[in-house]
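> The sequence and its predicted three-dimensional model are supplied below.
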Amino acid sequence: MNEQTKSYKISDWLPISKKEVDAKGWEELDVILFSGDAYVDHPAFGPAIIGRILESAGLKVAIVPQPNWQDDLRDFKKLGKPRLFFGVTAGNMDSMVNHYTANKRLRSDDAYTAGNKSGRRPDYASIVYSKILKKLYPEVPVVLGGVEASLRRLSHYDYWADELKPSILAESKADLMIYGNGEKPLLELVDLLQKGVDFSSINTLRQTAFITSDEDLNHVPDKWGSINLYSHEQCLKDKINHAKNFKHIEHEANKMEAKRLVQKFENKNIVVNPAFQEVNSKELDSYYDLPFTRKPHPRYNGKGAIPAYEMIRHSVTIHRGCFGGCAFCTIVAHQGKFINSRSEKSVLKELKQITLMDDFKGQISDIGGPSANMYKMQGKDKAICANCSRPSCISPSVCNNLNSSHQPLIDLYRKSRKIPGIKKISIGSGVRYDMILGEKQHPSHQQYFEELFKYHVSGRLKVAPEHTSDRVLKIMRKPTFNLFYKLKEEFDKLNKKFGLKQQLIPYFISSHPGSEESDMRHLSEETKKLNFKLEQVQDFTPTPMTLATVIYYTGYHPFTLEKIYTAKTKEQKLKQREYFFWYKKGQASAKKDQFKKKNNTGGKQRHKRY
């Protein structure tokens, strides 16, 4: 019987209890992972893929999902101490984004918990877990990883505390951080430890960060050259220093060969070594070829569905990284700008495995990544890329050096549709229509759009213009709204051509830095003209390590030091949000006098002033 249709034994998952560890005959664990998420053995879940990577390196590894931090800490003690280190992650999301809405209201659900139940992880989970482990086992190294750690690796504004916080390394007392996608640095770390290298001496490993004294820093080889950032204390004294820091941080994050970043905090130094910018297809394929069950651990049977798993259980990740560079997005800070793609063979293999799952009914929910349509895209001349630090390859215009051919993706879609058992493949990842409809056209662009429309849109195509004001869109690093009109025109043509009635569903953001009430009025007028009754909307939420958050906190654009307005009070935010709902009675944006204003008064006049 095929491994995807067999009846799994509990030993097919990584162990999460002492009983399961004992059943394997293990007397000692090499690594114990603590996670804020429920344990789902699927490659879309960080703790699972890290656990399987460690297992593939020959280590005995266990996961402690959602440990109770409020009792006698038995979850932190039950497996004892590992031979090499503890790994800590808040899970697939920053715990504060997981817990609170944009208006700082406590959420009543948690998509990464069985039964969608809230309250199974603490605020700032990475810090809480790490502190507990360092108190219980001070001699055992703690390695942080995941989104929460990545976004907080240097001084960062925390929206929920409304303060500038130091590096998470300082607060958590952890010994090392692996930021971004951690497989490659993790394997190198394990290799060094297995060779007998002392943990405390590991300080030149790419894609890691650590905290050290001035004296010890003097003995750390500077392999890449260093940039000394303004200290945390200097940033507290003057917000502009924090803005200036971000310019360096983003520049280095977008370079193929970056420099080391060093930031003082009190009498210590936070040191961030440059990342691995590229992982080749063979390496990436090997990660996804690990023996995942693709299912939640049996512990959760009868405890309700895990919504995040239900959404992605029959989906496939085909690439990592995003060169969109959107001001409000954390993807680049975590995954990087450069696209790392899996081979076609690897993707098709995973799709075939999905068709053999006992719950598969023919529907693939997504073949994508951070973006739907960046698969196998890179610079035509790598030498040009090596000297570039642009945060976006497509904003303010598509780079001349970018190979934006969609042909590899078209070929992948066509071969995927031929797999027996697959009835429909939807593309759930966001489509960057500025690459398809922009000035720099490639013969594959129109072909891709038709292919997408005809075969991979399940009645509704979701896209993200984000705003209608070109001045705000420039800050967002998004294309002019005129391009959305072009998209709608092409979309309507295809509906007519194929005799379909597909819908175009746009996403918009209110209260983004730079967005004033006149800009939202303009958005309301434009969407009314297009007869879009908006539902896919959100208030801007400041998240660590994004351009938009730095503007929100400091009031300045880091690259121009221009003052930028941001709606901050509940009243200001609510007023902006109301403009989305012009079609609902009682909303401010439905007032007739606001719609009597012509497009060249309100929003457009203000645009001319900037």
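Sure thing, it's come through.
> how is the chain carved up into domains?
Listed by automatic domain parsing, the domain ranges of the chain are 15-226+263-272, 314-458, 460-610.
> What is the end-to-end distance of the longest one?
Chord length of domain 15-226+263-272, first to last residue, is 33 Å (Cα to Cα, to the nearest Å).
> cool, the shortest one as well?
The stretch domain 314-458 measures 15 Å between its terminal residues, going by Cα to Cα.
> returning to what we had before: how about the domains of the chain in a markdown table, adding mean neighbour count, mean pLDDT and distance to Ile306?
C-beta coordinates here come from the backbone N, C-alpha and C atoms, glycine included. Shown next, in a markdown table, are the domains of the chain (neighbours: other Cβ atoms under 10 Å; pLDDT from 0 to 100; distance: least, Cβ to Cβ, whole Å):
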| stretch | mean neighbour count | mean pLDDT | distance to Ile306 |
| --- | --- | --- | --- |
| domain 15-226+263-272 | 19 | 97 | 5 |
| domain 314-458 | 18 | 94 | 14 |
| domain 460-610 | 18 | 85 | 23 |
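> Apart from its neighbours in sequence, what residue is nearest Arg74?
Ranked by Cβ to Cβ, 6 or more residues apart in numbering and with sequence neighbours excluded, the top spatial neighbour of Arg74 is Asn68, at 7.4 Å.
> related to what we said a few turns ago, the domains of the chain: which one's closest to Glu250?
Checking the domains of the chain against Glu250 by Cβ to Cβ gives domain 314-458 as the closest, at 5.6 Å.
> From the chain's centroid, how far away is the closest one?
On the basis of Cα atoms, centre = their mean, to the nearest Å, domain 314-458 is displaced by 15 Å from the centre of the chain it belongs to.
> repeat for stretch 52-68
Centroid separation between stretch 52-68 and its chain, computed with Cα atoms, centre = their mean, is 22 Å.
> now stretch 533-551, how far from the chain's geometric center?
Centre to centre, stretch against its chain (Cα atoms, centre = their mean), the figure for stretch 533-551 is 14 Å.
> quick revisit: I'd say the residue nearest to Arg74 and Asp75 touch.
Yes: under the criterion of Cβ atoms under 8 Å, Asn68 makes contact with Asp75 at 5.1 Å.
> any idea how far Glu188 is from Phe449?
Using Cβ to Cβ, to the nearest Å, we find Glu188 at a distance of 41 Å from Phe449.
> What residues does the residue nearest to Val347 when sequence neighbours are not counted make contact with?
Take Val347 and drop its neighbours on the chain: the residue closest to it by Cβ to Cβ, 6+ apart is Ile318, 5.3 Å away. Each residue near Ile318 by Cβ atoms under 8 Å, 6 or more residues apart in numbering is listed here: Ser341, Arg342, Val347, Ile367, Gly368, Gly369, Tyr375, Leu412.
> from those, which single one is nearest Val88?
Gly369 (25.6 Å).
> Touching, that closest one and Thr317? I think so.
Yes: here Gly369 lies in contact with Thr317, judged by Cβ under 8 Å, at a distance of 5.5 Å.
> continuing past the host helix or strand of Gly87, what's the next helix or strand?
Take DSSP states H and E as the rule and Gly87 turns out to sit in strand 85-89. Using DSSP H and E, the helix or strand that follows strand 85-89 in sequence is helix 95-99.
> Which residues does that next one contact?
In contact with helix 95-99 (Cβ under 8 Å, 6+ apart) are residues 36, 90-91, 106-107, 110, 112, 118, 121-126, 148, 158-160, 541, 543.
> Give me the subset of those lying in strands.
Counting by DSSP state E, the contacts of helix 95-99 place Asp158 in strands.
> How far does stretch 224-241 stretch from one end to the other?
Terminal residues of stretch 224-241 are spaced 24 Å apart (Cα to Cα).
> Quick check: buried residues in that stretch?
By 16 or more other Cβ atoms under 10 Å, the buried positions in stretch 224-241 come out as Trp224, Ile227, Leu229, Tyr230, Ser231, His232, Gln234, Cys235, Lys239, Asn241.
> Now flag whichever of those residues is closest to Phe532.
Closest to Phe532, out of all of the buried residues of stretch 224-241 and judged by Cβ to Cβ, is Lys239, at 37.1 Å.
> The closest one reaches Pro558, doesn't it?
No: using Cβ under 8 Å, Lys239 is not in contact with Pro558; the gap is 10.7 Å.
> List the contacts of the helix or strand hosting Lys497.
If you go by DSSP H and E, Lys497 is part of helix 482-498. Outside of helix 482-498, the residues within contact range by Cβ under 8 Å, 6+ apart are 433-434, 437-438, 449-450, 453-454, 461, 463, 465, 468, 500-502, 504, 506, 530.
> Kindly format the C-alpha coordinates of stretch 463-477 as CSV.
C-alpha atoms of stretch 463-477 as CSV (Å, rounded to 0.1, in the frame of the first residue of the first chain):
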residue,chain,number,x,y,z
VAL,A,463,-5.8,40.7,-6.1
ALA,A,464,-4.3,43.4,-3.9
PRO,A,465,-4.2,46.9,-5.3
GLU,A,466,-4.2,48.0,-1.6
HIS,A,467,-5.2,51.6,-2.3
THR,A,468,-6.3,54.0,-5.1
SER,A,469,-4.2,57.0,-4.2
ASP,A,470,-1.0,57.0,-6.2
ARG,A,471,0.8,59.0,-3.5
VAL,A,472,0.0,56.3,-0.9
LEU,A,473,0.7,53.5,-3.4
LYS,A,474,4.2,55.0,-3.9
ILE,A,475,4.9,54.7,-0.2
MET,A,476,3.5,51.2,-0.2
ARG,A,477,5.7,50.3,-3.2
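> circling back: nearest to Phe246, of the domains of the chain?
domain 460-610 (4.5 Å).
> just how off-centre is the closest one within its chain?
In terms of Cα atoms, centre = their mean, the centre of domain 460-610 is found 22 Å from the chain centre.
> Ok, stretch 239-258 next?
In terms of Cα atoms, centre = their mean, the centre of stretch 239-258 is found 19 Å from the chain centre.
> The spatially most central residue of the chain and Phe323: what is the separation?
With distances taken as Cα atoms, centre = their mean, Ile331 lies nearest the centre of the chain, 3.9 Å away. Separation of Ile331 from Phe323 (Cβ to Cβ) stands at 10 Å.
> Quick one: the helices in the stretch 1-150 of the chain, in order.
Here the stretch 1-150 of the chain has its helices, by DSSP state H, counting those that start in this stretch, at 18-23, 46-56, 74-77, 95-99, 125-136, 147-151.
> Same check on the stretch 301-450 of the chain?
Shown for the stretch 301-450 of the chain, the helices assigned by DSSP H, counting those that start in this stretch span residues 307-312, 331-335, 344-355, 382-386, 407-417, 433-437, 443-455.
> Of these, which is nearest Ser200?
Comparison of these against Ser200 by Cβ to Cβ identifies helix 331-335 as nearest, at 26.6 Å.
> Show me what the closest one packs onto, helices and strands only.
When contacts are defined as 3 or more Cβ pairs under 8 Å, 6 or more residues apart in numbering; DSSP states H and E, helix 331-335 sits against helix 147-151.
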